[in-house]
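K.L.:
sequence unavailable; structure follows:
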DNA sequence: AGCGCAATTACACAACTGTATAACAGGCCG
DNA sequence: CGGCCTGTTATACAGTTGTGTAATTGCGCT
């Protein structure tokens, strides 16, 4: 009567790391960071808890890696459609698309807000986290700044473009936050996309809403 | 050889509740929610852990009460100087003051951001938290809306005032968040107050910076 | 086919968590 | 000044946490 031992498959390091990171993000997003225990993460990833310490020196390191992955996804999702072959060439359309992407799914999402909040929480005490945040913030803002500069608006020198990017970034972040926290209040006529696009337009003195390319409904890859 | 028992003083319910709430906020703000255990909270409040369950039905309830207290403070700090006897009467000055207050200490503060993030984390799963959040958001936004309506701007009907409030709220929230997370990047010329006041002005089409009452340096009560 | 290594599991452990309950004592009322 | 209510402390407890370590077994290698 030998005690049964769970059967398993050997996987590559990359596969296992990705599975563990994905499981960690999943749990933090859906159930909060307090529920993201080594046992819960391992369980969701389909392995036993001990394996986490085989691929990461500590649970802490796994979580950190997971957050970096999330931030990369956020920026990539906001850029969607800007680098494609059929990407809009009109600078105003490009800016409008970027703003709109930032203010709808999958970027706007209660789960992502929770994930992001859990991440922000750690910024003050862990310098690696602060570095990740600073890097992500600057990368996003600089995309915005480039899009604004491409508009070649009269009177917008480098300094003014930079300040406009800071301001537009703020209004986008605020709307992202609020519409993710209270989705039911930002639907229909008060949609975050509409408000955000027209707000950025107002800040730059142009009609961005008219430039926004129509959304392609089933365009989720 | 009687085992020594810790001496204590009896206090009013209000005193004890405030002490416990304050201790909880303190610890969540400085060390994160994971460190806010019943033992740590009781310790900081100068009592023993059991007392928490004497004033709150659970640790959960204490934390919830603490968050509500925090949100009240945030709004109150932003209103500072608006209700005083020597408050500005010019509507533009009042709006500018409110915006500026929201974007400097003590409202802008890394610890408050941490506190706020820990709070936001919980709104998805705990309906009481979501209610607190919704209530706080609407209260703040409606202050903003009233200040905007008082400007009596041409063409700003109720609907437009409401949408302007949503937008201004977003830009303030975004700047608050970013300057709290990366304080060193929002000092001097790129100060959050300056950018925020001029952004709100731009969104409403008026020069708010000129209307902003000068800051009284030592005015922290 | 089967050896050997390392990926994976299994188990143990001490620290810590929130909560329940009983014993104690501070200080108001008589 | 003494009793007694209740605010407060003390202690116990079961559950959970991250981590360390030894045993197993999948599977690439020759």
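P.N.:
Received it, and whenever you're ready, just let me know what you need. Note that the coordinates shown come from a computational prediction; the quantities given were computed from them, not determined experimentally.
K.L.:
mind giving me the packing neighbours of the one helix or strand residue A:92 maps to?
P.N.:
Residue A:92 belongs to helix A:91-102 when assigned by DSSP states H and E. Applying 3 or more C-beta pairs under 8 Å, 6 or more residues apart in numbering or on different chains; DSSP states H and E, we find helix A:91-102 packed against helix A:59-79, helix A:127-150, helix A:158-181, helix A:192-204. Any C-beta I mention is one placed from the backbone N, CA and C, and that applies to glycine too.
K.L.:
which secondary structure elements does the third one contact?
P.N.:
Taking 3+ C-beta pairs under 8 Å, 6+ apart as contact, the helices and strands that helix A:158-181 lies on are helix A:91-102, helix A:110-121, helix A:127-150, helix A:192-204, helix B:127-150, helix B:158-181, helix B:192-204.
K.L.:
tabulate the ones you listed (CSV), appending mean pLDDT and distance to DNA strand D.
P.N.:
CSV is the format used below for the helices and strands packed on helix A:158-181 (pLDDT from 0 to 100; distance: least, C-beta to the nearest atom of the strand, whole Å):
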stretch, mean pLDDT, distance to DNA strand D
helix A:91-102, 97, 32
helix A:110-121, 92, 13
helix A:127-150, 94, 15
helix A:192-204, 97, 34
helix B:127-150, 94, 21
helix B:158-181, 97, 25
helix B:192-204, 97, 36
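K.L.:
quick one, which of these is nearest to DNA strand C?
P.N.:
Of all those, helix B:127-150 sits nearest to DNA strand C, with 14.6 Å by C-beta to the nearest atom of the strand.
K.L.:
identify the residues contacting the spatially most central residue of chain A.
P.N.:
Averaging the C-alpha coordinates of chain A gives a centre point, and the residue nearest to it by C-alpha atoms, centre = their mean is residue A:74 (2.0 Å). By C-beta atoms under 8 Å, 6 or more residues apart in numbering or on different chains, the contact list for residue A:74 reads A:107, A:112, A:116, A:136.
K.L.:
rerun at 7 Å
P.N.:
The contact partners of residue A:74, by C-beta atoms under 7 Å, 6 or more residues apart in numbering or on different chains, come to residue A:107.
K.L.:
in space, what's closest to residue A:211 - neighbours in sequence excluded?
P.N.:
residue A:92 (3.7 Å; C-beta to C-beta, 6 or more residues apart in numbering or on different chains).
K.L.:
that neighbour and residue A:203, how far apart?
P.N.:
Separation of residue A:92 from residue A:203 (C-beta to C-beta, to the nearest Å) stands at 13 Å.
K.L.:
cool, residue A:90 as well?
P.N.:
Counting by C-beta to C-beta - residue A:90 and residue A:203 are separated by 19 Å.
K.L.:
and for residue A:115?
P.N.:
Residue A:115 is 28 Å from residue A:203, by C-beta to C-beta.
K.L.:
with neighbour numbers in mind, choose between these two.
P.N.:
Neighbours per residue, other C-beta atoms under 10 Å in any protein chain shown: of residue A:115 and residue A:203, the larger number sits with residue A:115, 25 against 20.
K.L.:
in terms of helices and strands, where is the residue nearest to that one when sequence neighbours are not counted?
P.N.:
Nearest residue to residue A:115, sequence neighbours excluded (C-beta to C-beta, 6+ apart): residue A:29, at 4.6 Å. Assigned by DSSP H and E, residue A:29 belongs to helix A:13-31.
K.L.:
what is that helix packed up against?
P.N.:
Applying 3 or more C-beta pairs under 7 Å, 6 or more residues apart in numbering or on different chains; DSSP states H and E, one finds that helix A:13-31 makes contact with helix A:38-45, helix A:52-55, helix A:59-79, helix A:110-121.
K.L.:
out of the ones you listed, nearest to DNA strand C?
P.N.:
Closest approach to DNA strand C among these is made by helix A:52-55 (4.1 Å; C-beta to the nearest atom of the strand).
K.L.:
what about that closest one, distance to the chain center?
P.N.:
Its chain's C-alpha centre and that of helix A:52-55 lie 26 Å apart, by C-alpha atoms, centre = their mean, to the nearest Å.
K.L.:
do stretch A:144-161 as well
P.N.:
With C-alpha atoms, centre = their mean, you get 24 Å for stretch A:144-161.
K.L.:
list the buried ones in that stretch?
P.N.:
A:144, A:145, A:147, A:148, A:149, A:151, A:153, A:156, A:161 (16 or more other C-beta atoms under 10 Å in any protein chain shown).
K.L.:
what does stretch A:186-206 give?
P.N.:
A:186, A:191-204, A:206.
K.L.:
tell me which two in those residues are the farthest apart.
P.N.:
By the measure C-beta to C-beta, A:186 and A:206 form the most distant pair in these, at 23.4 Å.
K.L.:
can you list the residues of chain A near DNA strand C?
P.N.:
A:3-6, A:8-11, A:16, A:42, A:47-51, A:54 (C-beta under 7 Å from any atom of the strand).
K.L.:
and the buried ones among the residues you listed, selectable in ChimeraX?
P.N.:
Only the buried entries of the residues of chain A next to DNA strand C go into this ChimeraX selection, using 16+ other C-beta under 10 Å:
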select /A:16,42,47,51
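K.L.:
which ones among the residues of chain A next to DNA strand C map onto helices?
P.N.:
Judged by DSSP state H, helices contain the following of the residues of chain A next to DNA strand C: A:16, A:42, A:54.
K.L.:
from residue A:14, how far out is the second one?
P.N.:
Going back to what we said before, that points to residue A:42. Residue A:42 is 18 Å from residue A:14, by C-beta to C-beta.
K.L.:
returning to what we had before: got a list of contacts for the helix holding residue A:92?
P.N.:
A:77-82, A:88, A:107, A:143, A:147-148, A:150-151, A:172, A:176, A:193, A:196-197, A:200, A:206, A:208, A:211-213.
K.L.:
residues from chain A in reach of chain B?
P.N.:
A:32, A:110, A:113-114, A:117-118, A:120-121, A:123-125, A:133-134, A:137, A:163, A:166-167, A:169-175, A:177-178, A:181-182, A:195, A:199, A:202-203 (C-beta under 7 Å from any C-beta of the partner chain).
K.L.:
quick one on the thing from earlier: of the buried residues of stretch A:144-161, which is the nearest to chain B?
P.N.:
For the buried residues of stretch A:144-161, the residue nearest chain B by C-beta to the nearest C-beta is residue A:144; the value is 12.0 Å.
K.L.:
tell me who's in contact with the residue lying closest to the closest one once chain neighbours are set aside.
P.N.:
Among residues not flanking residue A:144 along the chain, residue A:165 sits closest, at 4.5 Å (C-beta to C-beta, 6+ apart). Counting by C-beta under 7 Å, 6+ apart, residue A:165 touches A:141, A:144, A:145, A:148.
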